[in-house]
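Q: This is a predicted model, with the sequence first.
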2 protein chains.
Amino acid sequence: MKASQFFVSTLKEAPADAEVVSHKLMMRAGMIKRLGAGIYNYMPMGLRVIRKVEAIIREEMVRAGAVELLMPVVQPAELWQETGRFDKMGPELMRVKDRHGRDFIIQPTSEEVMTDIARQELRSYKQLPKNFFHIQTKFRDERRPRFGIMRGREFTMKDAYSFDRDVATATVSYQNMYAAYQRIFERFGLQFRAVAADTGAIGGEASHEFQVIADTGEDAIVYCPSSEYAANIELAEALPLLAERAAASQALSKTATPGKSTCEDVAALLGLPLTQTVKSIVLAADELNEQGEVVKTTVWLLLLRGDHEMNEVKVGKLPGLKAGFRFATVSEIEAHFGSKPGYLGPIQLLKPVKVVADRTVALMSDFVCGANEADFHYTGANWGRDLPEPDLVADIRNVVAGDPSPDGQGVLAIQRGIEVGHVFLLGTKYSADMKATYLDENGKPQLMVMGCYGIGVTRILGAAIEQNHDDRGIIWPESIAPFRVVVCPIGMDRSEEVKAAAHKLHEDLLALGVDVLLDDRGERPGAMFADWELVGVPHRVVISDRGLKEGLVEYQGRRDAEARKLSLAEVLDLLTPKTA
Amino acid sequence: MKASQFFVSTLKEAPADAEVVSHKLMMRAGMIKRLGAGIYNYMPMGLRVIRKVEAIIREEMVRAGAVELLMPVVQPAELWQETGRFDKMGPELMRVKDRHGRDFIIQPTSEEVMTDIARQELRSYKQLPKNFFHIQTKFRDERRPRFGIMRGREFTMKDAYSFDRDVATATVSYQNMYAAYQRIFERFGLQFRAVAADTGAIGGEASHEFQVIADTGEDAIVYCPSSEYAANIELAEALPLLAERAAASQALSKTATPGKSTCEDVAALLGLPLTQTVKSIVLAADELNEQGEVVKTTVWLLLLRGDHEMNEVKVGKLPGLKAGFRFATVSEIEAHFGSKPGYLGPIQLLKPVKVVADRTVALMSDFVCGANEADFHYTGANWGRDLPEPDLVADIRNVVAGDPSPDGQGVLAIQRGIEVGHVFLLGTKYSADMKATYLDENGKPQLMVMGCYGIGVTRILGAAIEQNHDDRGIIWPESIAPFRVVVCPIGMDRSEEVKAAAHKLHEDLLALGVDVLLDDRGERPGAMFADWELVGVPHRVVISDRGLKEGLVEYQGRRDAEARKLSLAEVLDLLTPKTA
């Protein structure tokens, strides 16, 4: 490809609304162009990366036995009503009416349509297992689209759906997809980690996220460096940090802590370690009648060690809080605790609340907690003696680095990640709602057991850049770079030798199957080099009159500190694709 | 590919709602699956054809210097308001509101977004000409979707847009695309014709349609077998069929024609040729004020030879009718002609009307026409003598087979076609509305001159099948068949030799780059052969024990009447792709 026949458009400055580095660099490199909030044109340079990402996904999906089809963007609401998602999903589901007033949705995902196809097409156990995928435009009307194409509204997703006879074979299908995802992300050339994840709103029995490691990632990934354990922090189990509860050694004492409403401040004031303090979080769960009116509210007190954070996903799984919860209001807090927030604790409540102690808190003794009186805390508090045992002991906190690994193989570390893939063992959630059955060997209808498997195609670009960039621009992995090699001739307009050598190298590389761009735009060397460093092409070959006189060209890898002088033969040899 | 790893799903009967053969065969061959009215899932077998069609289009577009990008499916209404199309377009434009109540549309085409990109990115004459294309999902909310994916609501289209300095260079860009389209349709292996076409609602200065020839096509294509002339019947010019007006030889005479209200009936009654009669068509044009109220209505009388049909597109270009027209009501007709329809003519009107004679009618003499009295016609009518010369003489009819070619090179023939591509020289219609300018050599802003170029990707499938099928099923051209070759082993479960030979042939063909499917489903020969004839795979190789004993296999081309016995070496040689 010659630059004159392509479209290269770079910017010196990123637009003001670009918050993260990948968004800034994609805009500056002319890969995307904003059309509206969370809606982008994929410009020629960006589309080349998307196509390479799609090609790798497609190859590995087919290798894993999945079959490609294409389901529509605009889908009739009826199917989404069968599963209840038409009503249950919030405004992120884009709803639209046709000229006859019939309801449609713009697909955010395709479980319903796929299950509808399966229940018509897969009638016998002999046809199972089957795995279908498509790579298609999706739309989610995000409340706050941001980070460029990492959290856009319109995006491209690969979604696959497996159909199996039972959970045992569905688990094999799931593992098959897990393995395919490993190969896909390895081929992308990205550092990633597959982590156990919460199944969340989509439901199901097991799930793993594929996270691209990046300091700027929104997700916290928990892993054990000395074992295979890895999980999203939402799911990672926190073991108790104490082996058993020590006997009480202090008397309960109410201590003035004027203006000290946080555990950190109280610990500092009292000269005690933060790990001796207990913090109180007050939640409320409303019970609704069929009209949606609140008929009963239960107040919950959650107790965490002062240095720990509440894990909302874990809390949402507690019996009694599964249907939803909120933070209690100040008036609810004052009615139950007789104190304003900041000095709350489990001792001497005005009205009973449901007390949940984190596993570690339940084993603490001589701890510090609020005294339910402004500017006072208790020290030397002990379970059983000063307050009743908690109503419930549970894992309700985020793990922190250094916590014991749940597999008993060492201690946990934490890094940041960007979720780019997700595999779910769905079970019969959708097949039950939509009556997707097959006939077994005895001619009896059985529900199909499903899995679903997504990769955010366009998000891969953002994640790859967050992981691989420097102050000059993007550093694409070889397999997904828009061009693998750029040939930069210097003074092509003045020197026939340079022009001929550049064109010859371009053609020789093309003949070797190398994805190469010849920069024949006639830009000055400085601007030309800056453009390709910004765009992030992995290999650059500079051809100049001076070099040609010695029979040499200048080669520089995008991560190299300096250029090397090589003969044309050496360059060809270096850049020839090596088959594995 | 092995059938067991793919998805083959054929039907004995087409669903009742499938009207045309392509729709029936695509449903029966498992290529598409209906999701809603005009909305289809592209099943694995159909998607393979789509991908091949897309690949050919992409290659030829890039060869022609066009650059691929990807514009969103969901587009903000603002741009469509700039050109006025948001309000002007009818309900076929699918409108949708986001969670904030902002207006969006689901793209039926992308002139607005493309022009928006161009006005930002193409700032200097040095950047022109430029041609961008994308292959993307489109949506048109058709009032009556039908014919399967030939007139669906959601479909895939390739649309390209060229930007030029002036009409002269834009014409070069247009011709370049015209040539690319010729190559594309040749590579599809379809019989097609490029025809001059009306620019219609999209506007512009020139346009050609690419029509796939098929008896079932909705369009009538006019061409001259002895020259290059070809046009859509909407546009094809009808020359006068008479060299000059002969002198009057009959007297005007009112003749009773009781109950004979058509030219055919009157000619038969009077024993005259139909070509001696003139038919009257009464139209009305309403003039509206700003409130949309009718302030004035003009009645028009159009005169055509009895055997000719009115051409609405041509009539719509007459001065005075450009803003729109309708057929006159019976009361309007009676008020102006003093007669009910069926006996109308240009002689002795009650109130004046605007009289338009078709070119041929204007040269007729001694003609027959209605007498503006029920059950009576005039014979021997002559211009000038019996009625004033017409207000306007114009080409207002459809050409018919045998008419002289407008290029003077012979006579016209007519065939049916399916429009699958359309190229437009748009001029500055969109660039003016959207202020898309570039700076010329003198630093002065100038409007870009645009062209746009569409191919209905999914419609190609329907058109190819309408053109190429028999009573057994589809006959795909080689270049777009879902598989080029199918290997059918007979009794693979009983014979290790058959199994081994089938797998080896499959692998040998794959190694030669042949797109081959091995049918390892274990179906009986009859069902297997019927499936692949229905699907339309161009080449079939049958491997059986009996054949192998003689070292032979059975080869049959999809259009061949009989199979041939060939050695494996001969089959490999026959099926090896020949490079041009």
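A: Perfect, I can see it now. Numbering: from 1, shown residues only, chains lettered A, B, ... in the order given.
Q: Enumerate every residue touching residue A:194.
A: Contact analysis of residue A:194 by Cβ atoms under 8 Å, 6 or more residues apart in numbering or on different chains lists A:178, A:181, A:182, A:208, A:209, A:210, A:211, A:230. (C-beta placed from N, C-alpha, C; glycine too.)
Q: Now do the helix or strand where the fourth one lies: distance to the chain's middle.
A: Using DSSP states H and E, the secondary-structure element containing residue A:208 is strand A:206-213. Here the centre of strand A:206-213 is set off from its chain's centre by 7 Å, with Cα atoms, centre = their mean, to the nearest Å.
Q: Then stretch A:361-371?
A: Worked out by Cα atoms, centre = their mean, stretch A:361-371 lies 36 Å from the chain centre.
Q: Report the residue spans of chain A with pLDDT below the cut-off.
A: A:200-204, A:579-580 (pLDDT under 70).
Q: which SS class is the closest residue to residue A:18 other than its chain neighbours?
A: Nearest non-adjacent residue to residue A:18, counting by Cβ to Cβ, 6 or more residues apart in numbering or on different chains: residue A:24, 4.3 Å away. Here residue A:24 is recorded as helix under DSSP: H, G, I helix; E, B strand; the rest coil.
Q: Next, count neighbours for residue A:24.
A: Per other Cβ atoms under 10 Å in any protein chain shown, the neighbour tally for residue A:24 reads 20.
Q: same question, residue A:349
A: Counted with other Cβ under 10 Å, residues neighbouring residue A:349 total 18.
Q: can you tell me how far it sits from residue A:339?
A: Residue A:349 sits 10 Å away from residue A:339, going by Cβ to Cβ, to the nearest Å.
Q: what's the strand holding residue A:208 in contact with?
A: So strand A:206-213 is contacted by A:171, A:174, A:178, A:181, A:185, A:190-200, A:217, A:219, A:221, A:232, A:415-425, A:455, A:460, A:463-464, A:466-467 (Cβ under 8 Å, 6+ apart).
Q: Selecting buried members of the contacts of residue A:194 in PyMOL, what would you type?
A: A single PyMOL command selects the buried members of these (16 or more other Cβ atoms under 10 Å in any protein chain shown):
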select buried, chain A and resi 178+181+208+209+210+211+230
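Q: Now list the buried members of the contacts of strand A:206-213.
A: Buried among the contacts of strand A:206-213 (16+ other Cβ under 10 Å): A:171, A:174, A:178, A:181, A:185, A:190, A:192-199, A:217, A:219, A:221, A:232, A:415-425, A:455, A:460, A:463-464, A:466-467.
Q: from those residues, which ones fall inside strands?
A: Secondary structure from DSSP state E places A:192-196, A:219, A:221, A:232, A:415-425, A:455 of the buried ones among the contacts of strand A:206-213 in strands.
Q: picking up where we left off before, which residues do residue A:349 and residue A:339 both contact?
A: Between them, residue A:349 and residue A:339 share the contacting residues residue A:372, judged by Cβ under 8 Å, 6+ apart.
Q: partners of the strand holding residue A:208 in the sheet?
A: Taking DSSP bridges as the criterion, strand A:206-213 sits next to strand A:192-196 (antiparallel), strand A:413-427 (antiparallel) in its sheet.
Q: any idea how far the helix or strand that the longest one is followed by is from the chain center?
A: What it means is strand A:413-427. Using DSSP H and E, the helix or strand that directly follows strand A:413-427 along the chain is helix A:429-433. When C-alpha coordinates are averaged (Cα atoms, centre = their mean), helix A:429-433 and its chain have centres 26 Å apart.
Q: how does chain A divide up, domain by domain?
A: For chain A, the domain assignment from automatic domain parsing gives the residue ranges A:45-220+A:415-465, A:253-394, A:483-575.
Q: which of those is buried the deepest?
A: Each of the domains of chain A was scored by mean neighbour count; the highest is domain A:45-220+A:415-465, a mean of 20, by mean count of other Cβ atoms under 10 Å in any protein chain shown.
Q: any idea how far residue A:421 is from chain B?
A: 21 Å (Cβ to the nearest Cβ, to the nearest Å).
Q: Show the contacting residues for that residue.
A: Contact partners of residue A:421, counting by Cβ under 8 Å, 6+ apart, are A:181, A:184, A:185, A:209, A:210, A:453, A:454, A:455, A:456.
Q: Need the nearest residue in space to it, chain neighbours excluded.
A: residue A:210 (3.4 Å).
Q: Show me the beta-bridge partners of the one you found.
A: In this entry, residue A:210 is beta-bridged to residue A:194, residue A:421, by DSSP bridges.
Q: about what we covered before: can you say which of the strands paired with strand A:206-213 is nearest to residue B:103?
A: Residue B:103 lies closest, by Cβ to Cβ, to one member of those: strand A:413-427, at 31.7 Å.
Q: Mind naming the longest helix for chain A?
A: Criterion DSSP state H: the longest helix present in chain A is helix A:167-188.
Q: From the chain's centroid, how far away is that one?
A: With Cα atoms, centre = their mean, you get 18 Å for helix A:167-188.
Q: And chain B, is that helix touching that?
A: No. Applying Cβ under 8 Å from any Cβ of the partner chain, one finds helix A:167-188 separated from chain B by no less than 12.7 Å.
Q: what does the stretch 201-350 of chain A have sitting close to chain B?
A: Counting by Cβ under 8 Å from any Cβ, no residue of the stretch 201-350 of chain A sits close to chain B.
Q: can you give me the helices in the stretch 201-350 of chain A?
A: Using DSSP state H, counting those that start in this stretch, the helices found in the stretch 201-350 of chain A span residues A:263-270, A:312-315, A:330-337.
Q: Same question for the stretch 451-580 of chain A.
A: For the stretch 451-580 of chain A, the helices defined by DSSP H, counting those that start in this stretch cover A:457-467, A:496-511, A:525-535, A:545-549, A:568-575.
Q: packing partners for the fourth one?
A: It refers to helix A:545-549. helix A:496-511 (3 or more Cβ pairs under 8 Å, 6 or more residues apart in numbering or on different chains; DSSP states H and E).
Q: Just confirm yes or no for the helix it packs on near chain B.
A: No. Helix A:496-511 lies out of reach of chain B by Cβ under 8 Å from any Cβ, never closer than 13.4 Å.
Q: which helices and strands sit right next to that helix?
A: By 3+ Cβ pairs under 8 Å, 6+ apart, helix A:496-511 packs against strand A:485-489, strand A:516-518, strand A:539-543, helix A:545-549, helix A:568-575.
Q: roughly how far is the shortest one from the heart of the chain?
A: By that I understand strand A:516-518. That offset, for strand A:516-518, works out to 34 Å (Cα atoms, centre = their mean).
Q: contacting residues around residue A:537?
A: So residue A:537 contacts A:476, A:481, A:482, A:483, A:484, A:485, A:486, A:517, A:558 (Cβ under 8 Å, 6+ apart).
Q: Need the max-distance pair from the residues you listed.
A: A:517 and A:558 (13.7 Å).
Q: got the residues of the stretch 451-580 of chain A near chain B?
A: Proximity of the stretch 451-580 of chain A to chain B (Cβ under 8 Å from any Cβ) involves no residue at all.
Q: Let's see that with 10 Å instead.
A: residue A:458 (Cβ under 10 Å from any Cβ of the partner chain).
Q: on that earlier part again, the strands paired with strand A:206-213: which one's closest to residue A:435?
A: strand A:413-427 (15.1 Å).
Q: Could I have the CA atoms of that closest one written out in CSV?
A: In CSV, the C-alpha atoms belonging to strand A:413-427 read as follows (Å, rounded to 0.1, in the frame of the first residue of the first chain):
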residue,chain,number,x,y,z
ALA,A,413,-1.4,-9.6,44.4
ILE,A,414,-3.6,-7.1,42.6
GLN,A,415,-3.2,-5.4,39.2
ARG,A,416,-5.4,-3.3,37.0
GLY,A,417,-7.1,-4.7,33.9
ILE,A,418,-9.4,-3.9,31.0
GLU,A,419,-12.1,-6.4,30.4
VAL,A,420,-12.1,-7.4,26.7
GLY,A,421,-13.6,-10.8,26.7
HIS,A,422,-16.1,-12.7,28.9
VAL,A,423,-17.1,-16.4,28.8
PHE,A,424,-20.3,-17.6,30.6
LEU,A,425,-21.6,-21.0,31.3
LEU,A,426,-25.3,-19.9,31.1
GLY,A,427,-27.0,-23.1,32.0
